[in-house]
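[1] All I have is the shape, not the residue letters:
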Ligand SMILES: O=C[C@H](O)[C@H](O)COP(=O)(O)O
Ligand SMILES: C=C(OP(=O)(O)O)C(=O)O
């Protein structure tokens, strides 16, 4: 008799079972007051997306959170700022735990919370939930990128806004996931600058789907979704350059309208729109706010990468070298510039009476 040849798991080193979403939620529950607050933030975003609330929704915060204390310190500062500008701007904290990589690199706090390739996802998921709960407690809405369809079961109850990134907007798995998410979803244009993948994503995600997923007990199941109508396009530039200027926005508006999708744009001031130079984010912000003030109300929001301190630092095996409050992924503007840019934007919007225009 010939020997049995293993035909699967040949390249798998190990599989480690995780607690179920329900087990983690029982350990770290969202309170009734917290759930009411998050539902209310989502309603505010719906109003902004419908054009009934003329404030700008600005998603702002670190490129990635790699340290809980620094993330919470940032959230406290942002809350104070958010309260000062809330008549013109809805500030949503960027709380990114899952990083898509062009090739390889640190994949974010959920995947590798100890920053040392030990991939302790059980801890990563717990820390992510803890941070989101504290941010909810501080009184801020939170936005994240969802990079794969298991994570939402563990944290989506705490999110006000989600993004599907440039590298995954074309993926059917992500579009199906988005069709079942309970909050608005922004789709980035592709890394090549193409808008069609994001337009197709919006059309796909507003439809019903049935796909494989996990339930709250962690069991494999068929997920039937209703479709998510709160899609919008995030313009992030591409390999051929930026796409935030008036001409690009006009072309994008025409393209979306032709596809039967309401033109609602968030402009990402970072990534290819700033040629990955964090210092250029302010130029993008200024240009887009001026367009909004000039009457372009298809612009409903912006995204800015900001941290306690500016720039970024390399992650090496010597973790003692890491400086507090500096990004270990893309470069970010620091707190002083953040405060100045948001307060200036607030003053400009107020002077132009953008919110009170009918
Ligand atoms: O926002 C973060 C990065 O731009 C994205 O994760 C890709 O990073 P990488 O090109 O350094 O891998
Ligand atoms: C990875 C990100 O952006 P993009 O998908 O546009 O590269 C991000 O916003 O962190």
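    Okay, I see it. Bear in mind the structure is a predicted one, so any value in this text is a computation, not a measurement. Numbering: from 1, shown residues only. Ligands and ions are numbered 1, 2, ... in the order given.

[2] For the helix or strand containing residue 34, buried residues please.
    For residue 34, the host element (DSSP states H and E) is helix 32-50. Within helix 32-50, the residues that qualify as buried are 34, 37, 38, 41, 42, 44, 45, 48, 49, counting by 16 or more other CB atoms under 10 Å. (Each C-beta comes from the backbone N, C-alpha and C, glycine too.)

[3] Equivalent analysis for stretch 165-178, please.
    So stretch 165-178, judged by 16+ other CB under 10 Å, has buried residues 165, 166, 167, 168, 169, 170, 171, 174, 175, 176, 177, 178.

[4] For the buried residues of helix 32-50, give me a markdown table that also has pLDDT.
    Shown next, in a markdown table, are the buried residues of helix 32-50 (pLDDT from 0 to 100):
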| residue | pLDDT |
| --- | --- |
| 34 | 97 |
| 37 | 98 |
| 38 | 98 |
| 41 | 98 |
| 42 | 98 |
| 44 | 98 |
| 45 | 98 |
| 48 | 98 |
| 49 | 98 |
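
[5] From those, pick the one nearest residue 330.
    For the buried residues of helix 32-50, the residue nearest residue 330 by CB to CB is residue 45; the value is 24.4 Å.

[6] re earlier: out of the buried residues of stretch 165-178, which touch ligand 1?
    Among those, not one lies near ligand 1 by CB under 6 Å from any ligand atom.

[7] Now for the residues you listed: which two are most distant?
    166 and 176 (18.3 Å).

[8] between the buried residues of helix 32-50, which is closest to ligand 2?
    residue 45 (17.6 Å; CB to the nearest ligand atom).

[9] The closest one touches residue 58, doesn't it?
    No: using CB atoms under 8 Å as the test, residue 45 is too far from residue 58 to be in contact (11.7 Å).

[10] list the residues that contact both of those two?
    Residues touching both residue 45 and residue 58 (CB atoms under 8 Å, 6 or more residues apart in numbering): 90, 92.

[11] How confident was the prediction at whichever residue of the stretch 251-358 of the chain sits closest to ligand 2?
    Ligand 2 sits closest to residue 271 of the stretch 251-358 of the chain, with a gap of 4.4 Å, by CB to the nearest ligand atom. Looking at residue 271, its pLDDT stands at 98.

[12] Does it touch residue 239 like I think?
    No: Residue 271 is beyond contact range of residue 239, at 11.1 Å (criterion: CB under 8 Å).
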